[in-house]
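Enquirer: Everything below, folded, please.
(chains A and B)
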Amino acid sequence: MFTIDIVITKDTATPAVRALREGLQAENVVPIFARSVANAVRGNFDDLDESRPNKLGGSRTHYYSGARSATKYTIKGDHATISVGQVGMRLRFYGGTVEAGRNPSYITGQPTKYLTIPATAESYGHRAADFPDLIVLWGNGGPFALARVTQKKIATAKSSGAETNDTEILYWLKAEVDIPADRTMLPSSEQIRQAISGDFARYVRTLWRMGALPAAGDIG
Amino acid sequence: MIFPHPVTLREAMETRAAKAILPTDLSSAMLRQLPRAVRERAIFSAGVQNVDFLERAKQAIDDIIAGKSNRATERTALRELAEKFDLAALTRDGRLNLILDTQSKMGNGYGSWIEGQHPSVLLMWPAQEFYRAEDRKEPRDWPSRWSEAGGDFFPGDSDYPEGRMIALKNDPIWEDISAFGLPYAPFDYNSGMDLRDIDRDEAIDIGLLDEDGMEDSEERGLNEGLRASVGVGGNFGLGLALGEFLGDIAKVGTDGIVRFLGAGS
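Expert: Okay, the predicted model is just below:
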């Protein structure tokens, strides 16, 4: 009869196995997945903020940096939800048509008839109501812009008796605007998969090596 | 899957729910002297005593954090309110932006901070980098502030020639460099600086952590007694709750307004 006796003089495996078992419970591993994805999303917003200054110039609103700050996750049991609490994110990602009339006008209190599209660096990041001296410019098809009078001119024979003004257009008026879908707002599925798999592998390796999780304090 | 509809931001909103408005005549410098427990849990703005305005501002901040509204919309609404109440100082864009940005960023910063304190997250991302997320016309000299607080600089890609500013998440340096004494962003008014995670491998590589080292989650919860007592300005429960924190800096009047006591009081 052939037998092998195994004598364990020092148990190094049990603490690591215990750490793995504890560390791979949903309550500990789901936050790793969530943080991993959230960090990938935040990093993508950082890149967008750097590469996409507003086209009109002037003071930046840092929309994408705001989106990064507003990226959070909520964990419920064995799943996590990553959220970006920033107005306009959904529209940019999925695309769509924005129509006037959804919100009340600051001036009349009635549903808006036109969207106000910033035309200058000064008006970017502001609402039309922030400029009390705007006038409506009319064309053949109706109102088309909000402008500020830069120089008043009196009626002359040349202007056929009509008053003319020099104006600076601050907003274009549109009944609706089409926003194209932009899937680069979020990292690609492959980028997210790579982030999760890389972080998870490092997490397991760390648990095995450390043999314990940090002490959990009251993190309320 | 990607949800096409808004979902609640639990942690960020919980911190908002725990906030009370704090009408006060204190200046910004005086407000900085208030204990952290008060600064972290109250909505205030230097010299603003109007309860209705602060109530509306709190709603605006909640809506911005929840992704229901944006700064431009809320700023316009608050300015109209300020004009109605004849609060001249609060009709300026800069001042309104300051209120909305600082408070909404604090809500987001707190949410991210508390997420990062989870034991397994802290194990994997034990450190963070202080970096310039947004440019500013007149950026502060953050490397000096960092250095004076005992911070180290590390080589690598940085906006600053001194190097990257990285420290463990629960290092006291975060509260030391903050104008608000809080360990999360924003670290000062109108600051474009923010935080990003540094993973365990990198923290070990740059010598911040031993291979076997780990950070303990910080034991710092919201003050339950204060949370239970907070209400709106003029609420004497709030006054009583804040009173013990205000010390000899300020006091809550019978009208609910927090006033500076003055030097030597």
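
Enquirer: Would you state the strands of chain B in chain order?
Expert: B:20-21, B:42-43, B:127-132, B:153-154, B:164-168, B:193-198, B:250-252, B:258-260 (DSSP state E).

Enquirer: Between strand B:193-198 and the fifth one, find me the angle.
Expert: For strand B:164-168 against strand B:193-198, the angle by axes from the mean of the first three to the mean of the last three C-alpha atoms, to 10 degrees is 60 degrees.

Enquirer: what mean pLDDT would you report for strand B:164-168?
Expert: For strand B:164-168, mean pLDDT is 98.

Enquirer: Give me the residues contacting that strand.
Expert: The contact list for strand B:164-168, computed with C-beta atoms under 8 Å, 6 or more residues apart in numbering or on different chains, reads B:126-131, B:142-143, B:146, B:151-158, B:173-174, B:198, B:203, B:206, B:208-209, B:215. Using the backbone N, CA and C atoms, a C-beta is placed for each residue, glycine as well.

Enquirer: make it 6 Å
Expert: The contact list for strand B:164-168 (C-beta atoms under 6 Å, 6 or more residues apart in numbering or on different chains) reads B:126-127, B:129-130, B:146, B:151, B:154, B:156, B:158, B:173, B:198, B:208, B:215.

Enquirer: what's the domain layout of chain A?
Expert: The record's domain parsing of chain A by automatic domain parsing lists A:13-95+A:180-210, A:97-179.

Enquirer: What about contact with chain B: does the shortest one have any residue there?
Expert: Yes: on the criterion C-beta under 6 Å from any C-beta of the partner chain, domain A:97-179 is in touch with chain B at A:126-127, A:129.

Enquirer: Tell me how far B:M193 lies from chain A.
Expert: With distances taken as C-beta to the nearest C-beta, to the nearest Å, B:M193 is found 11 Å from chain A.

Enquirer: any low-confidence regions in the stretch 151-265 of chain B?
Expert: B:218-265 (pLDDT under 70).

Enquirer: And the helices in it?
Expert: B:173-177, B:200-205, B:224-229, B:236-246 (DSSP state H, counting those that start in this stretch).

Enquirer: what do you get for chain A?
Expert: Here chain A has its helices, by DSSP state H, at A:13-23, A:26-51, A:63-69, A:89-94, A:189-210.

Enquirer: which of those is buried the deepest?
Expert: helix A:63-69 (a mean of 24; mean count of other C-beta atoms under 10 Å in any protein chain shown).

Enquirer: Any chance you could list what contacts that one?
Expert: Helix A:63-69 has contacts (C-beta under 6 Å, 6+ apart) with A:42, A:45-46, A:48-49, A:84, A:86, B:108, B:133-134.

Enquirer: Apply 7 Å and report the result again.
Expert: Here helix A:63-69 makes contact (C-beta atoms under 7 Å, 6 or more residues apart in numbering or on different chains) with A:42, A:45-46, A:48-49, A:52, A:84, A:86, A:89, B:105, B:108, B:133-134, B:194.

Enquirer: re the thing from before, weakest of the domains of chain A in terms of mean pLDDT?
Expert: domain A:97-179 (a mean of 80).

Enquirer: Quick one: end-to-end distance for that one.
Expert: 6 Å (C-alpha to C-alpha, to the nearest Å).

Enquirer: Could you do stretch B:154-164 as well?
Expert: Using C-alpha to C-alpha, the end-to-end distance of stretch B:154-164 comes to 5 Å.

Enquirer: most neighbours, which of the residues of domain A:97-179 next to chain B?
Expert: The most neighbours of any of these, using other C-beta atoms under 10 Å in any protein chain shown, belong to A:H126, which has 20 neighbours.

Enquirer: Tell me the spatial nearest neighbour of it, not counting adjacent residues.
Expert: Leaving aside its chain neighbours, A:H126 sits nearest to B:A72 (5.9 Å; criterion: C-beta to C-beta, 6 or more residues apart in numbering or on different chains).

Enquirer: what does B:E162 give?
Expert: Nearest residue to B:E162, sequence neighbours excluded (C-beta to C-beta, 6+ apart): B:P143, at 4.3 Å.

Enquirer: and the one you found, how far is that from chain A?
Expert: 20 Å.

Enquirer: cool, B:R92 as well?
Expert: 11 Å.

Enquirer: Show the pLDDT at that residue.
Expert: Checking the pLDDT column for B:R92, the value is 82.

Enquirer: So for chain A, the centremost residue is which one?
Expert: In chain A, the residue lying closest to the centroid (C-alpha atoms, centre = their mean) is A:A67, at 3.2 Å.

Enquirer: Contact partners for the nearest residue to that one once chain neighbours are set aside?
Expert: Once flanking residues are discounted, A:A67 sits nearest to A:Q86: 4.3 Å by C-beta to C-beta, 6+ apart. Residues near A:Q86 by C-beta under 7 Å, 6+ apart: A:66-67, A:70, B:67.

Enquirer: Could you dump those into a markdown table and include distance to A:Q194?
Expert: Converted to a markdown table, those look like this (distance: C-beta to C-beta, whole Å):
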| residue | distance to A:Q194 |
| --- | --- |
| A:G66 | 26 |
| A:A67 | 21 |
| A:A70 | 24 |
| B:G67 | 27 |
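
Enquirer: right, and A:A175 touches A:G101 too?
Expert: No: counting by C-beta atoms under 7 Å, A:A175 does not reach A:G101; the two are 8.7 Å apart.

Enquirer: Next to chain A, which bits of the stretch 1-150 of chain B? Give me the list.
Expert: B:4, B:7, B:9-12, B:65-67, B:69-70, B:72-73, B:76, B:105, B:108, B:111, B:114-115, B:117-125, B:133-134 (C-beta under 7 Å from any C-beta of the partner chain).

Enquirer: how near is the residue nearest to the centre of chain A to A:W172?
Expert: Distance of A:A67 to A:W172, computed by C-beta to C-beta, to the nearest Å: 25 Å.

Enquirer: For stretch A:125-134, give me every contacting residue.
Expert: A:59, A:61, A:106-107, A:116, A:146-148, A:170-171, B:72-73, B:76.

Enquirer: Quick check: nearest residue in space to A:P15, chain neighbours excluded?
Expert: Excluding the flanking residues, the one nearest A:P15 by C-beta to C-beta, 6+ apart is A:G211, at 3.8 Å.

Enquirer: for A:R52, same thing?
Expert: Of all residues not flanking A:R52 in the chain, A:Y64 sits nearest, at 6.7 Å (C-beta to C-beta, 6+ apart).

Enquirer: okay, now A:V98: neighbour count?
Expert: Neighbours of A:V98 (other C-beta under 10 Å): 13.

Enquirer: of all of the stretch 1-150 of chain B, which residue lies closest to chain A?
Expert: Chain A sits closest to B:G67 of the stretch 1-150 of chain B, with a gap of 3.5 Å, by C-beta to the nearest C-beta.
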